[in-house]
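>>> Next input, structure requested:
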Amino acid sequence: MINKIFNEFEKLRIVDWGVVYLGCKGLPIGTLSPNSVSDYACEQLAILEPDDASFILVSELSFCTEINDEVIDILSKLCEFSNVNLTLSKRKWVVFSIKKLLNNLPKDSLYGPLELNNFWNEWGEPNSGPNIIQGVNNVMTLNEFYSDKNYLKIISDHNLWIKKELNELGI
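Numbers count the residues shown, from 1 in each chain. Got it, this is the predicted structure:
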């Protein structure tokens, strides 16, 4: 799934070294493929001047055949050179990952909210976005929380959050 999302980023022209770095470090949806790193590095080489401070690092990545500590280290340096905001890069991964999840959620009003909660926990952000946990900052009973009506509201809240995030990210 991670490479499909990365391809979406490329189509939208929103890839930066932070997106690549986080994808290579590994996310709950997987680790970016070496081919994706190599292809992106080749694209960047085509627009970099040879005297650019990052030229040698990017050229090394253009031959990426595996994701290892050396690749992660190079990507970290490129993030520093480019003044990449890793928080924004992570937000891109989160918003596109939740979009994918919403398209594949179970229709069941018990398992859907559980999957959404698992998503936010896996990303280390259980209190981020529109995530709601039954009994936390609300007085909903189990029956109310896991009702079809509430499930539709949860999905609607997530879709609104996605739109807001995309807007804030300029996408």
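>>> Could you say which helix or strand holds the residue nearest the centre of the chain?
Of all residues in the chain, the one closest to the mean position by CA atoms, centre = their mean is W93, 1.0 Å from it. Applying DSSP states H and E as the criterion places W93 in helix 86-103.
>>> What helices and strands are in contact with that helix?
If contacts are counted by 3 or more CB pairs under 8 Å, 6 or more residues apart in numbering; DSSP states H and E, helix 86-103 sits against helix 2-12, helix 17-25, helix 111-122, helix 148-168. Where you see a C-beta, it was placed from the backbone N, CA and C, and this is true even at glycine.
>>> any idea of the mean pLDDT in the longest one?
What it means is helix 148-168. Helix 148-168 shows a mean pLDDT of 94.
>>> how big is the angle separating it from helix 2-12?
50 degrees (axes from the mean of the first three to the mean of the last three CA atoms, to 10 degrees).
>>> Output the contacting helices and strands for helix 148-168.
Helix 148-168 packs on helix 86-103, helix 111-122, going by 3+ CB pairs under 8 Å, 6+ apart.
>>> And for the second one?
Helix 17-25 sits against helix 2-12, helix 34-47, helix 69-81, helix 86-103, with contacts defined as 3+ CB pairs under 8 Å, 6+ apart.
>>> pLDDT at K99, what is it?
So K99 comes in at 95 (pLDDT).
>>> What of D52?
pLDDT at D52 comes out at 90.
>>> Specify the local secondary structure of it.
coil (DSSP: H, G, I helix; E, B strand; the rest coil).
>>> Got the phi and psi for it?
Note on D52: its backbone torsions stand at phi -60, psi 140 [degrees, to the nearest 10].
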